[in-house]
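Chemist: take a look and give me a structure for this.
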Amino acid sequence: MYAATPVRRWTVRLAAPAVAAVVGLIALFLSPWAQSASAHGSIVEPAGRAYGCWDRWGDDHMNPAMEQEDPMCYQAFQANPNTMWNWMSLFQENLAGNWQSKISNGNLCSAGDAQGGLASSLDNVGPWTTTDVGSNFNVHLYDTASHGADFFEVYVTKQGFNPETDALGWDDLELVETTGSYPPASDIEFSVSAPGRSGHHIVYTIWQASHLDQTYFICSDVNFT
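Modeler: Next up is the predicted model:
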């Protein structure tokens with residue numbers, strides 16, 4: 001299902017008339033598909049912040065309605081569109097498992113400014129668009145490079161944390177799932193359980209890719225129903 005989604009959206013962007021020439025060039029030359037060496041992956045269900053903004057607005061990012069309908073994506077696009085074009089690039093290398101010493105509180109959703117400061121807008125607090133989930137839900141990785149995984153760690157914010165007013169720190173998270181390894185594949189899915197929560201929360205997924213010491217950090221906003 002999701003393996004086709006990014007390709008289809010990119011095809012539409014190429015075929016559509018350019019709304020703004022400069023933005024079109026940025027999309028062309030900085031897109032993950034324009035630079036195969038930068039092709040990686042991210043969590044598409046529940047949608048990571050950068051992927052969700054690109055999926056909803058990538059073909060319509062000049063629409064002024066975004067400011068009211070999706071204000072957190074609007075501020076991210078205004079800060080730097082490359083954050084969305086390169087939604088697969090929220091990774092750090094050679095951390096040797098030392099997540100908390102390398103990524104400081106308040107910088108978790110940008111993976112410690114993984115794109116050289118371009119993705120810091122992903123750390124901003126506010127009404128990020130959420131995906132409805134129950135206590136048990138699936139996590140879906142889409143990976144164009146089929147890196148595989150040594151493991152995934154999935155954390156969920158504790159009840160009482162408010163993503164609309166509070167910056168995310170390590171102490172706000174509860175580990176709810178640690179997986180085993182997965183062979184190379186473009187799509188990897190697994191289920192997690194996070195009972196006792198309601199309302200807006202952040203699902204924080206750490207994906208340790210198998211091809212080298214490359215670790216991805218993705219914030220997904222969810223609404224526990």
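Chemist: residue 176 touches residue 197, doesn't it?
Modeler: No. In this structure, residue 176 is not within contact of residue 197 by Cβ atoms under 8 Å, at 9.9 Å. Just so you know, the C-beta spots here come from the backbone N, C-alpha and C atoms, and that holds for glycine as well.
Chemist: now do the shared contacts for the two.
Modeler: Shared contacts of residue 176 and residue 197, defined by Cβ atoms under 8 Å, 6 or more residues apart in numbering, are found at residue 156.
Chemist: just want to know which of those two has more residues nearby.
Modeler: Between residue 176 and residue 197, counting by other Cβ atoms under 10 Å, residue 197 is the more crowded of the two (21 against 16).
Chemist: contacts only, for the residue nearest the centre of the chain.
Modeler: When Cα atoms, centre = their mean is applied to the chain, the residue found nearest the centroid is residue 48 (2.9 Å). Applying Cβ under 8 Å, 6+ apart, we find residue 48 in contact with 42, 87, 90, 205, 218, 219, 220.
Chemist: quick check, nearest of the residues you listed to residue 109?
Modeler: residue 219 (3.8 Å; Cβ to Cβ).
Chemist: give me the nearest residue to the closest one, chain neighbours excluded.
Modeler: residue 109 (3.8 Å; Cβ to Cβ, 6 or more residues apart in numbering).
Chemist: tell me how far the residue nearest to residue 154 when sequence neighbours are not counted lies from residue 140.
Modeler: Excluding its sequence neighbours, the residue lying closest to residue 154 (Cβ to Cβ, 6+ apart) is residue 177, at 4.2 Å. Residue 177 sits 14 Å away from residue 140, going by Cβ to Cβ, to the nearest Å.
Chemist: kindly report the same for residue 146.
Modeler: 15 Å.
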